[in-house]
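*Asks:* Sequence and predicted structure, then a few things I'm wondering about:
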Amino acid sequence: MDRVKIFRPSDFSSASIKQIAEQADSDYTLIFTRPTELKFVNWGLERMVQVADNTSATMVYADHFNGKKENPVIDYQLGSLRDEFDFGGVQLYRTSDFLAAVAGMDEDYQFAGLYDLRLRASRIGKFVHIPELLYYELDTDYRTSGEKQFDYVNPRNREVQIEMEKACTAHLKAIGAYLEPKFKEIDINEGDFEYEASVVIPCKNRARTIADAIYSALHQKTDFKYNVIVVDDNSTDGTVDVIKSFAKDDRLVYIAQDSSYHAIGGNWNAAIHHPKCGRFALQLDSDDVYSDENTVQTFVDAFREQKCAMVIGSYRITDFDLNPMPPGIIDHREWTPENGRNNALRINGLGAPRGFFVPLLRKINFPTVLYGEDYSVVLRVSREYQIGRIYSVLYFCRRWAGNSDAALPLEKVNKHDTYKDRLRTWEIEARIAMNAQE
């Protein structure tokens with residue numbers, strides 16, 4: 001098609017994008033980001049150009065086939081800042097807008113050139129998703145969702161992530177959503193609590209793993225009083241019997257939810273608003289365990305020393321039997337005091353285990369959802385308050401077939417990604433408004 005010139009960059013560096021710009025002399029510039037063959041359905045490219053013409057879009061992208069399998073993608077929005085946002089392999093730019101975006105590229109990125117282009121282009125005009133299957137491509141990454149989800153924190157990708165963070169931070173400054181490292185203070189002794197800390201374990205149908213989690217939580221050594229709150233959301237597989245087997249320990253608080261909808265967020269809310277909840281609520285998922293007997297003490301010490309509204313630790317990926325698995329230790333080095341609250345808008349996860357200052361958490365609450373409830377709270381906390389860090393391993397995250405995110409179908413992945421993008425959109429809008437008032 002004469003109105004479109006197609007390019008396949010050799011890499012995603014700034015230099016490669018600028019080389020394309022030097023040759024972009026048609027109405028539209030198509031960048032194909034896959035190493036495999038591109039084939040359009042009949043009149044597929046013409047349809048993309050037609051939609052771009054009709055909508056005056058800066059960039060259009062479309063659903064497609066991955067081999068013979070349908071591959072729908074999701075709508076782009078203000079909060080779609082993830083550098084791995086899946087447009088598919090085809091990005092069709094209006095050349096005038098493409099050249100304007102490239103003209104502003106003042107950084108020489110080795111890895112983040114295409115990401116920088118996308119962010120700059122999104123400030124020029126809208127990105128339009130065409131929910132039609134318009135081309136064929138072949139994705140060469142056959143891993144499950146559970147295997148892919150840690151790519152962005154793999155230590156081997158650290159150099160790449162540093163560049164992505166720099167590009168995203170520049171974008172946030174450009175749209176007025178960047179936050180300086182200035183934080184509200186909290187009164188760490190606020191409130192009257194019987195317990196200094198509570199380990200919170202929400203669960204549903206975890207008969208195989210809940211005993212390990214509870215045992216791990218109850219066998220902590222502390223110089224303060226703590227308890228363990230287990231919230232069961234209508235399990236039917238024998239989980240309740242396992243929980244009750246620990247009933248002789250008076251530190252165990254068992255909350256049985258009624259039959260209405262609670263989800264993970266609602267289960268957390270039940271725990272933090274319970275009268276026996278401690279000053280600090282510490283996460284432990286129902287199929288994981290703490291790394292040793294000092295985790296609870298380490299958390300509370302960090303709260304006291306760093307005077308933060310929230311603390312995020314580090315964890316090790318293991319198999320079900322606690323044998324280490326790649327990528328190993330996940331320490332979320334992107335959570336720096338200087339820029340962590342901004343970089344949180346780029347990444348899809350925020351580290352574990354998490355500890356919360358309950359007086360503040362009771363004002364914020366978790367959204368009543370099955371996925372992303374923690375991400376929502378962390379974004380909200382980080383808008384105003386410092387989040388502390390512990391870089392030693394506090395937690396073993398067990399990967400096994402029973403994990404809720406082990407092998408999600410594409411429809412569920414898209415639903416999750418859309419929700420997190422929506423959370424980021426709301427947070428960006430709130431930060432822009434907050435900055436405008438200062």
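*Replies:* Great, that's in hand.
*Asks:* can you pull the contacts of the closest residue to Arg354 other than its chain neighbours?
*Replies:* Beyond its immediate neighbours in the sequence, the residue positioned closest to Arg354 (CB to CB, 6 or more residues apart in numbering) is Gln283, lying 4.6 Å away. (C-beta placed from N, C-alpha, C; glycine too.) Neighbouring residues of Gln283 by CB atoms under 8 Å, 6 or more residues apart in numbering: 200, 352-355, 374.
*Asks:* what is the mean pLDDT for the longest helix along the chain?
*Replies:* With residue count as the measure and DSSP state H as the assignment, the chain has helix 410-437 as its longest helix. When the per-residue pLDDT values of helix 410-437 are averaged, the result is 97.
*Asks:* which parts of it are buried?
*Replies:* Of all the residues in helix 410-437, those buried under the rule 16 or more other CB atoms under 10 Å are 413-414, 416-417, 419-425, 427-428, 431.
*Asks:* Mind checking what secondary structure Arg389 has?
*Replies:* Secondary structure, DSSP: H, G, I helix; E, B strand; the rest coil: Arg389 is strand.
*Asks:* Do you know the pLDDT at it?
*Replies:* 94.
*Asks:* do Pro155 as well
*Replies:* Reading off the per-residue confidence, Pro155 sits at a pLDDT of 52.
*Asks:* any chance you could map the strands in the stretch 301-438 of the chain?
*Replies:* Counting by DSSP state E, counting those that start in this stretch, the stretch 301-438 of the chain has strands at residues 310-318, 324-330, 354-357, 387-398.
*Asks:* would CSV of the ones you listed with distance to Arg47 and mean neighbour count be doable?
*Replies:* Output for the strands of the stretch 301-438 of the chain, formatted as CSV (distance: least, CB to CB, whole Å; neighbours: other CB atoms under 10 Å):
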stretch, distance to Arg47, mean neighbour count
strand 310-318, 43, 22
strand 324-330, 40, 14
strand 354-357, 45, 25
strand 387-398, 44, 20
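*Asks:* Minimum distance to Ile186: which of those has it?
*Replies:* Comparison of these against Ile186 by CB to CB identifies strand 354-357 as nearest, at 6.2 Å.
*Asks:* Neighbouring strands - and their directions - for the closest one?
*Replies:* Strand 354-357 has the following strand partners under DSSP bridges: strand 280-283 (antiparallel), strand 310-318 (antiparallel).
*Asks:* Same list, those, but as TSV with mean pLDDT and distance to Glu163 please.
*Replies:* What follows is the strands paired with strand 354-357, written out as TSV (pLDDT from 0 to 100; distance: least, CB to CB, whole Å):
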stretch	mean pLDDT	distance to Glu163
strand 280-283	98	30
strand 310-318	96	23
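*Asks:* would CSV of the ones you listed with distance to Asn189 be doable?
*Replies:* Formatted as CSV, the entries for the strands paired with strand 354-357 read as follows, by distance: least, CB to CB, whole Å:
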stretch, distance to Asn189
strand 280-283, 12
strand 310-318, 16
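*Asks:* Trp268: which of those strands is closest?
*Replies:* Taking CB to CB, strand 280-283 is the member of these nearest to Trp268, at 7.9 Å.
*Asks:* List the first helix or strand encountered after that closest one toward the C-terminus.
*Replies:* strand 289-290 (DSSP states H and E).
*Asks:* for that next one, what is the average pLDDT?
*Replies:* Strand 289-290 carries an average pLDDT of 98.
*Asks:* lowest average confidence, helix or strand, in this protein?
*Replies:* Using mean pLDDT, DSSP states H and E, the weakest-scoring helix or strand in the chain turns out to be helix 145-148, at a mean of 49.
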